[in-house]
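# make a model of this:
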Amino acid sequence: MTQLTMEQALQSALQHHQAGRLPQAEMLYRQVLQQTPQHAAALHYLGVLASQVGRMDLAMDLIRQSIASDPRQAVYYSNLGSLLLGAGKLDEVIQACRQAIALQPNLAEAHSNLGHALRGQGQLDAAIAACRQAITLNPNQAEAWCGLADALKSQGQMDAALAAYRQALALKPDYPDAYNNFGNALKNAGQRAQALAAYRQALVLKPNFAAAYNNLAKALADDGQMAEAIDACQQAIALNPNLPEAHCNLGQVLAAVGQLEQAVAACRQAIALKPDYADAYNSLGNGLHDQGRLDEAAAAYRQALTLQPDYAEACNNLGNVLKEMGQIDAAIALFRQALALRPNLAEVHANLGSTLKDQGQLTEAIATFRHALALHPDFPEGHSNLVFDLHYHPGYDAPTIAAEYRNWNRQHAVPLQKFIAPHANDRNPERRLRVGYVSPDLRLHAVGRFLEPLLAAHDKQQVEVFAYAHVPVPDALTQRLRAQTAGWRSIVGLSDAAVADLIRQDQIDILVDLAMHTAYNRLLVFARKAAPVQATYLAYCSSTGLDTIDYRLSDPYLDPPGMDESIYSEQTLRLPATYWCYQPGIVTPEVNPLPARESGHITFGCLNNFCKVSEPVFAAWARLLHAVPDSQLLLHALPGAHRLQVHTRLKQAGIAPQRVHFAEKVPLSDYFALYHRIDIALDTFPYGGGTTTCDALWMGCRW
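The predicted model follows:
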């Protein structure tokens, strides 16, 4: 082949290449290389062709050979940078792009690729500068606009990022990567519907786009569409079984719907694919935590923090586990560490407040809850923590508490009244009444224990009982409660709107809330008026504040007739004898003889939640211990600095520390046995005992 015919072959190859006739182009490029093996242009174009058919390793090798043959061509370095960027080799991308720019400073594509690589390394200011330079050189380069948008998003400049994505898509409407990243920005900006639309458009343009399916799954889960989210995760995995992010995301969604074994398995698969994947360890910890496998969960969170020491969410999650394990001081330290890393995480402030409450630091806890709400006003769970904990503090009277739970109603429930619709219930007066109970505590919990005899006593000829249970890990009591119902619905993983729809489909006549403002309540279901008549009962004897809950159950002793009932948003219905429908829930020890006969001294005891032990209570107990020489005091209090504070405060009142003893959280059977040590049970105020009062009386303690 002469030089002339070789150039003709190269030109013919380029014509075929530009027309999309790739096999013919490849044949001609190789003919040129047979004559001149180091022909730089042929090597380069053949490398470009290899990248177009997905042979990326070959493409990089060929373009590297072209650079070795002719190191003066800026476009060779630029195209190598593009390939390296796709392979995630960011250091090499930066080196190649800078070499291209040194040879040809006005090469827009090289500036654009440089910006993408710098963003990937977290050099956001430099990335933005590089992308802006690319846009200055070529305002019509969609990739540069997309890179600019990615960097702006990473900096939190959401409005500017969204504008840049829109410009990229205006220039290149068939750009699936831009739609995918645009969806991420829209999701971060709280525009869920638009984010879902962007992900779906990315998939229309690129149906095998595994990452877009994974992002779609996350957005669907955030929107409460859990079944669809699982499908999207599985589609991502089918397209790319080695995508660890999809396995991790699947684990998160499965955990949210209560499929905990499968969730743990998915997270372990993500870790197998990517052993240094901190997010997967964090998600694994969540699944193990929900299963009650606290030691394993703590180990997973610690591994996440080993891999990523600044992982605030893992600090928070580990704090929650340690709190459940009774390590209160360590939990508080972790919450504070998480907030040092990310001061604006409202959920962490709420968890810190809840833990301070457990230590009896009610003033500090309430201030922490208020700070969480200042950061995130649309935070019903945190606001419920505040509402509930005000009941414990002696400085808040009933009207003040009522004002706060009405604030909760205005902030979170009233906006949902637009979803209230007429009910289609059968109005036949001869049919059985359908009563539904909504609770996260249909398990071995105080609420479950009180509910069991009530459900057993329902006249099944007159009433059909339905339960709506937010119980991720059922237990033996769950199964006994379920056996008493005509319809059992697990609502784990269902949005409030979906639960309300389910209740409407079941045509429940009377819907009963059993949680009020305690953890995992579903008050926003009641805000949608899921049943024609709605009531609250049993969680604690107060009020929800909701306009849409019609009645609260009480009795003549908790709410004496003639009292001021304006503090309640619901109408009070007094049960004729008592609010309490008690049974222990397990086989309990026999009542023992008076412990003082054996010990030689009186033991006072209070096994209430420690947060109920207010300053006025301490003062009263100090006087009591003074009045009864040699008497002892047994308190329920988890280990921590607050125990020392108890000793300090009582010592200041003249009570020797050795007269005060502590009981930790123990299994229910061991808890009942603690009453064998107590002669006289003490109550707390302003928030008195409920379950513990009944337990103490059952075990024969004087009151």
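# hey, let's count contacts and neighbours off CA atoms from now on
Will do.
# residue 393: neighbour count?
23 (other Cα atoms under 10 Å).
# now it, what's its secondary structure?
Here residue 393 is recorded as coil under DSSP: H, G, I helix; E, B strand; the rest coil.
# ok now do it, which residues does it touch?
362-363, 612, 614, 686 (Cα atoms under 8 Å, 6 or more residues apart in numbering).
# quick check: the farthest pair among those residues?
Comparing all pairs in the contacts of residue 393 by Cα to Cα, the longest separation belongs to 363 and 686, at 14.7 Å.
# buried residues in the helix or strand of the chain with the lowest mean pLDDT?
Lowest mean confidence among the helices and strands of the chain (mean pLDDT, DSSP states H and E): helix 3-18, at a mean of 83. Within helix 3-18, the residues scored as buried using 16 or more other Cα atoms under 10 Å are 6, 9-10, 12-14, 16-17.
# turn the residues you listed into JSON lines, columns for distance to residue 49.
What follows is the buried residues of helix 3-18, written out as JSON lines (distance: Cα to Cα, whole Å):
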{"residue": "6", "distance to residue 49": "19"}
{"residue": "9", "distance to residue 49": "16"}
{"residue": "10", "distance to residue 49": "14"}
{"residue": "12", "distance to residue 49": "14"}
{"residue": "13", "distance to residue 49": "11"}
{"residue": "14", "distance to residue 49": "10"}
{"residue": "16", "distance to residue 49": "11"}
{"residue": "17", "distance to residue 49": "8"}
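# isn't residue 328 up against residue 637?
No: taking contacts as Cα atoms under 8 Å, residue 328 lies outside contact range of residue 637: 10.2 Å.
# tell me the domain boundaries of the chain?
3-200, 417-574, 595-698 (automatic domain parsing).
# all helices for the stretch 501-650 of the chain, in order.
523-526, 595-599, 615-627, 641-652 (DSSP state H, counting those that start in this stretch).
# typed the wrong thing, it's the stretch 201-350 of the chain
210-222, 226-239, 244-256, 260-273, 278-290, 294-307, 312-324, 328-341, 346-358.
# the protein: strands as residue ranges?
433-439, 463-469, 487-490, 510-513, 533-536, 551-554, 571-574, 603-606, 632-636, 660-663, 680-681 (DSSP state E).
# so what touches stretch 692-702?
Here stretch 692-702 has contacts from 582, 584, 590-592, 607-608, 672, 675-676, 678-681, 683, 703, using Cα under 8 Å, 6+ apart.
# flag the shaky bits of the protein, pLDDT-wise.
1-4 (pLDDT under 70).
# output the contacts of residue 393 as TSV; include the columns distance to residue 493 and neighbour count.
Supplementary listing: the contacts of residue 393 in TSV, determined by distance: Cα to Cα, whole Å; neighbours: other Cα atoms under 10 Å:
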residue	distance to residue 493	neighbour count
362	32	24
363	34	16
612	32	25
614	37	21
686	36	18
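# contacts only, for residue 149.
Residue 149 touches 160-165, counting by Cα under 8 Å, 6+ apart.
# now, of the residues you listed, which are buried?
161-162, 164-165.
# the residues you listed in helices, which ones?
Of the positions in the buried ones among the contacts of residue 149, 161-162, 164-165 sit in helices, assigned by DSSP state H.
# just to revisit the earlier point, please identify which of the helices of the stretch 201-350 of the chain is closest to residue 397.
helix 346-358 (18.0 Å).
# angle of that closest one against helix 641-652?
Per axes from the mean of the first three to the mean of the last three Cα atoms, to 10 degrees, the angle that helix 346-358 makes with helix 641-652 is 30 degrees.
# quick one: contacts of helix 346-358?
316, 320, 323, 328, 331-332, 335-336, 338-339, 362, 364-369, 371-373, 375-376, 382, 385, 389, 609-611.
# okay, angle between that helix and helix 328-341 too, please.
Going by the same axes, to 10 degrees, helix 346-358 makes 150 degrees with helix 328-341.
# buried residues in helix 346-358?
346-358.
# for residue 553, give its distance to residue 534.
11 Å (Cα to Cα, to the nearest Å).
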